[in-house]
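# Sharing a model prediction with you, sequence too.
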Amino acid sequence: MPDRLRVAVLGCGSVGSQVVRLLDEQADDLAARVGAPVELAGVAVRRLEAPREVEVPDGLLTTDATALVTRDDVDLVIEVIGGIEPARSLILAALESGKSVVTANKALLAEDGPTLFEAAEKVGRDLYYEAAVAGAIPILRPLRESLAGDRVTRVLGIVNGTTNFILDRMDTSGAGFTEALEEAQELGYAEADPTADVEGFDAAAKAAILASLAFHSRVTANDVHREGISDVTAADVASARDMNSVVKLLAICELRDGVGGDDAVSVRVHPAMIPRSHPLASVREAYNAVFVESEAAGQLMFYGPGAGGAPTASAVLGDLVTVARNRLADTRGAGESAYADRAVLPMGETVTRYHVAIDVDDRAGVLASVATAFAEHGVSIQTVRQEGRGADAQLVVVSHESTDAQLAATVETLRGMPAVREVTSVMRVEGVAE
Ligand SMILES: NC(=O)C1=CN([C@@H]2O[C@H](COP(=O)(O)OP(=O)(O)OC[C@H]3O[C@@H](n4cnc5c(N)ncnc54)[C@H](OP(=O)(O)O)[C@@H]3O)[C@@H](O)[C@H]2O)C=CC1
Ligand SMILES: N[C@@H](CC=O)C(=O)O
């Protein structure tokens with residue numbers, strides 16, 4: 001049994017620098033919690049001379065990450081480089097040389113998690129990744145461990161802080177998307193290239209990880225239906241407000257009936273209207289929250305900062321303590337469970353509701369023809385109201401639950417109708433009891 005644990009940190013950027021800081025500042029507490037001193041063995045970076053937010057002790061910085069992770073005197077590896085390569089090769093090399101690994105890398109886990117989990121299983125080492133979803137919020141451990149005796153049926157999450165900030169600004173100030181994005185960039189929430197956040201790629205990676213754990217199945221980013229928020233308009237947000245609702249970018253993971261009565265999984269990321277009374281509606285600015293529904297526990301909500309160096313490092317260090325204890329005890333955590341192997345439903349078979357705003361001719365019979373278009377595709381209407389008169393006439397229809405394919409076909413039919421000038425907004429409605 002080692003009398004101390006030696007840690008290699010790969011990456012010393014926003015998250016890595018805070019990990020290095022906490023390893024130093026919390027050294028005594030970490031030793032007491034783990035049962036042995038936890039020492040920094042080395043820090044791999046791309047540029048030795050770059051300015052750092054933390055002072056790395058002399059001689060510990062290196063650009064040779066492969067040599068660091070395979071060193072005999074390293075017990076644990078923390079990967080906070082990000083991206084697919086070289087992160088994947090480094091994690092595999094670390095596991096193959098007997099190290100346990102902690103990572104915050106959602107992109108890699110969502111793309112190729114199974115390869116990494118199998119490698120960890122094969123060598124009997126841990127691979128932990130709490131920080132990969134919703135930063136500091138403990139959500140993966142509750143799904144994997146605390147709820148292991150329950151049946152999770154739905155996970156609804158606001159898992160991207162940048163888009164939540166933008167949509168919150170659009171709601172509170174009436175700003176358009178571009179204006180709100182610019183403000184997010186000025187305040188440092190959004191990157192200069194905001195594509196990964198605003199087009200939903202970041203949230204889709206997190207949704208794949210959440211669905212895999214919640215439903216004991218292998219779900220990758222490619223399985224996730226993804227729509228971003230760049231097409232959300234100030235009018236959509238105002239329309240939501242009129243319905244006492246708010247627009248949020250949601251990651252939605254659900255158990256549904258699949259072929260032959262087997263359970264299937266539906267995983268999607270898209271903007272949706274939710275009632276202001278729903279707990280997720282009160283998640284403001286760049287905060288994250290994950291709302292879990294399970295058969296026995298009922299409804300649970302996990303809330304907090306979903307990003308940032310120190311909050312994310314907090315989750316990384318939590319994992320580090322667990323894998324370090326396991327290492328000292330020469331044991332490992334439960335590993336990943338994909339026993340249920342549930343199929344992922346195509347988006348067309350997913351059941352949802354739509355809010356549709358339609359500019360129409362303002363004359364008798366138009367409402368009836370619009371209602372007929374919904375009926376032709378088997379879509380039941382919950383409410384319909386007319387806004388404006390004459391050239392400004394608009395019908396706002398909210399449907400009951402139907403498949404996404406039925407709803408999409410209805411919108412297609414509406415777009416071809418002579419009385420319909422334009423379908424100005426189509427948005428899903430979530431968070432209402434079915
Ligand atoms: N930032 C956040 O709020 C959150 C981040 N995460 C995840 O944490 C991980 C790290 O993110 P973050 O800290 O923001 O990223 P940064 O871009 O701030 O830091 C990346 C670090 O990796 C180093 N690096 C890059 N390429 C290599 C390489 N080939 N070999 C060795 N080191 C390399 C960089 O070195 P150098 O400094 O020399 O360029 C840098 O120190 C990502 O997976 C991210 O998705 C998860 C939740 C929130
Ligand atoms: N870009 C992400 C942060 C990391 O997960 C966000 O905006 O939430």
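Looks like it came in fine. Ligands and ions are numbered 1, 2, ... in the order given.

# isn't T103 right up against L127?
Yes - at 7.3 Å, T103 counts as touching L127 under the criterion of CB atoms under 8 Å. C-beta: built from backbone N, CA, C; applies to glycine.

# what's the overlap in contacts for these two?
Common contacts of T103 and L127, defined by CB atoms under 8 Å, 6 or more residues apart in numbering, comprise I91.

# check contacts around S294.
Contacts of S294 (CB under 8 Å, 6+ apart): 147, 150-153, 300.

# now, which of these lie within helices?
The members of the contacts of S294 all map outside helices under DSSP state H.

# By neighbours, which of those residues wins?
V152 (25 neighbours; other CB atoms under 10 Å).

# For the one residue in the stretch 1-150 of the chain that gets nearest to ligand 1, grab the count of nearby residues.
Nearest residue of the stretch 1-150 of the chain to ligand 1: G13, at 2.0 Å (CB to the nearest ligand atom). Neighbour count for G13, taken as other CB under 10 Å: 16.

# For burial, what's the neighbour tally of the closest residue to it other than its chain neighbours?
The shortest distance from G13 to any non-neighbouring residue, by CB to CB, 6 or more residues apart in numbering, is to V80 (7.2 Å). Using other CB under 10 Å, V80 has 26 other residues around it.

# phi, psi of V80?
phi -130, psi 40 (degrees, to the nearest 10).

# pLDDT score for it?
pLDDT recorded at V80 is 98.

# what about the lengthiest helix in the chain, average pLDDT?
In the chain, taking DSSP H as the definition, the longest helix is helix 309-328. Taken as a whole, helix 309-328 has a mean pLDDT of 97.

# Off-centre distance for the helix or strand following that helix?
Using DSSP states H and E, the helix or strand that follows helix 309-328 in sequence is strand 343-344. In terms of CA atoms, centre = their mean, to the nearest Å, the centre of strand 343-344 is set 19 Å apart from its chain centre.

# any idea which helix or strand comes after strand 343-344?
Next along the chain after strand 343-344, taking DSSP H and E as the criterion, comes strand 351-360.

# how distant is that following strand from the center of its chain?
How far strand 351-360 lies from its chain's middle: 26 Å, per CA atoms, centre = their mean.

# what do you get for stretch 159-172?
Counting by CA atoms, centre = their mean, stretch 159-172 comes out at 14 Å from the chain centroid.

# picking that back up, can I get the contacts of S294 in JSON lines including distance to I84 and pLDDT?
Formatted as JSON lines, the contacts of S294 follow (distance: CB to CB, whole Å; pLDDT from 0 to 100):
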{"residue": "L147", "distance to I84": "30", "pLDDT": "96"}
{"residue": "D150", "distance to I84": "33", "pLDDT": "97"}
{"residue": "R151", "distance to I84": "33", "pLDDT": "97"}
{"residue": "V152", "distance to I84": "28", "pLDDT": "97"}
{"residue": "T153", "distance to I84": "32", "pLDDT": "97"}
{"residue": "L300", "distance to I84": "32", "pLDDT": "98"}
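
# list the contacts for the residue nearest to G13?
V80 neighbours (CB under 8 Å, 6+ apart): 9-11, 13, 15-16, 19, 103-105, 316.

# hmm, try it at 10 Å
Contact analysis of V80 by CB atoms under 10 Å, 6 or more residues apart in numbering lists 9-20, 87, 102-105, 131, 309, 312-313, 316.

# ok so, going back, does ligand 2 sit close to the longest helix of the chain?
No - contact between helix 309-328 and ligand 2 is absent, the nearest approach being 7.4 Å (criterion: CB under 6 Å from any ligand atom).

# How much space separates the residue located most distally from the centre of the chain from L414?
Ranked by distance from the centre of the chain (CA atoms, centre = their mean), the top residue is A364, with 46.2 Å. Going from A364 to L414 by CB to CB, to the nearest Å gives 18 Å.

# One more: V321?
56 Å.

# which residues in the stretch 201-350 of the chain form strands?
Taking DSSP state E, counting those that start in this stretch as the criterion, the stretch 201-350 of the chain carries its strands at 225-226, 245-257, 263-275, 287-294, 298-305, 343-344.

# Ligand 2: which of those strands is closest?
It is, among the strands of the stretch 201-350 of the chain and with distance given as CB to the nearest ligand atom, strand 287-294, at 6.6 Å.

# pLDDT value on the nearest residue to F291 once chain neighbours are set aside, please?
Closest residue in space to F291, ignoring its immediate chain neighbours: L156 at 4.5 Å, by CB to CB, 6+ apart. In this model, L156 is scored at 97, pLDDT.

# Out of the contacts of V80, list just those in strands.
9-10, 102-103 (DSSP state E).

# Dump these into TSV; add distance to V56 and neighbour count as well.
TSV is the format used below for the ones in strands among the contacts of V80 (distance: CB to CB, whole Å; neighbours: other CB atoms under 10 Å):
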residue	distance to V56	neighbour count
V9	9	29
L10	13	27
V102	18	29
T103	20	28
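
# wait, M243 sits on V396?
Yes - M243 is within contact range of V396, at 8.3 Å (criterion: CB atoms under 10 Å).

# Report the set of residues contacting both of the two.
355, 383, 385.

# Make CSV out of those and add distance to ligand 2, neighbour count and pLDDT.
Output for the shared contacts of M243 and V396, formatted as CSV (distance: CB to the nearest ligand atom, whole Å; neighbours: other CB atoms under 10 Å; pLDDT from 0 to 100):
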residue, distance to ligand 2, neighbour count, pLDDT
H355, 25, 23, 97
T383, 34, 11, 96
R385, 35, 11, 95
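
# could you redo those as JSON lines and give each row distance to A281?
Converted to JSON lines, the shared contacts of M243 and V396 look like this (distance: CB to CB, whole Å):
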{"residue": "H355", "distance to A281": "15"}
{"residue": "T383", "distance to A281": "19"}
{"residue": "R385", "distance to A281": "21"}
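
# The closest residue to G161 other than its chain neighbours: neighbour count?
Among residues not flanking G161 along the chain, A286 sits closest, at 3.5 Å (CB to CB, 6+ apart). As a burial measure, A286 scores 24 neighbours (other CB under 10 Å).

# nearest to R325, of the ones in strands among the contacts of V80?
The closest of the ones in strands among the contacts of V80 to R325 turns out to be V102 (CB to CB; 12.7 Å).

# Check whether A120 sits in a helix, strand or coil.
Three-state assignment for A120 (DSSP: H, G, I helix; E, B strand; the rest coil): helix.

# Quick check: it vs R226, distance?
Distance from A120 to R226, by CB to CB: 28 Å.

# For these two, indicate the residue with more neighbours.
Neighbours of A120 and R226, each counted by other CB under 10 Å, are more numerous for A120; the result is 22 against 19.
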